[in-house]
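Colleague: The sequence isn't on hand, but the structure is:
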Ligand SMILES: [Zn+2]
């Protein structure tokens, strides 16, 4: 959700489509996954914020680094606001309300209800969107209110054709780019059950966005995408 998890990544790679692995066993043809249209709206992430991120990673994961090698993708929703208010929050670099740490939260991407994909941070840069997984995860925020509950909110996104299609195409492209399996596309609510979950301080941070049942629907649609 917005208050703790939003990591936006900037994809600097403007290159051609990413060639996928051969699909079915024995099938020779390689899938071509086209990069979706992404609007680059970077939040400030200069030397100071990178140093804050490296120090954060040292405290929580034992390694002083801000560099990301993505191993999984975490889905979020904003629980209110719009893409601009979310961007502003991530841009401000203020300590989060839950643990009062810096750098401030940010996700790599925000997907608006109309299907516009905004990228805020490069995908080679770690950012704070998912406690316990910030050292390995790309974060994607869908603009969505949560007043009807988390399952209701997930469903609104899944039923919003343009927004969810943009999300599916973005995730599929990131999967190919970084060789991320569909089982490693997870919801924020599933974070603590991930094999990558790590926190040297022994904390757990519970969030409800993207329940497992909703992620299963998203994964099934990913598989049908191409
Ligand atoms: Zn979240």
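Modeller: Sure, I can see it. Since this is a predicted model, take the numbers as computed values, not measurements.

Colleague: Between the two ends of stretch 194-210, what distance do you get?
Modeller: The stretch stretch 194-210 measures 14 Å between its terminal residues, going by Cα to Cα, to the nearest Å.

Colleague: Say whether the ion is contacted by it.
Modeller: Yes - among the residues of stretch 194-210, 207, 209 lie within reach of the ion under Cβ under 5 Å from the ion. C-beta here means a position set from N, CA and C on the backbone, and glycine is covered the same way.

Colleague: can you pull the buried residues of that stretch?
Modeller: Neighbour counts over stretch 194-210 (16 or more other Cβ atoms under 10 Å) mark 194, 199, 205, 207-210 as buried.

Colleague: model confidence over that stretch, on average?
Modeller: Taken as a whole, stretch 194-210 has a mean pLDDT of 95.

Colleague: Below-threshold pLDDT in this protein: ranges please.
Modeller: Scanning the chain for pLDDT under 70 picks out 1-31, 226.

Colleague: which residues of it fall in strands?
Modeller: Secondary structure of the chain (DSSP state E): strands located at 18-22, 30-33, 39-40, 72-77, 109-111, 117-119, 137-142, 185-187.

Colleague: Please tell me how far the residue minimising distance to the centre of the chain sits from residue 170.
Modeller: For the chain, residue 139 is the residue whose C-alpha lies nearest the centre (Cα atoms, centre = their mean; 1.4 Å). For residue 139, the distance to residue 170 under the criterion Cβ to Cβ, to the nearest Å works out to 12 Å.

Colleague: And for residue 141?
Modeller: In this structure, residue 141 and residue 170 are 11 Å apart, going by Cβ to Cβ.
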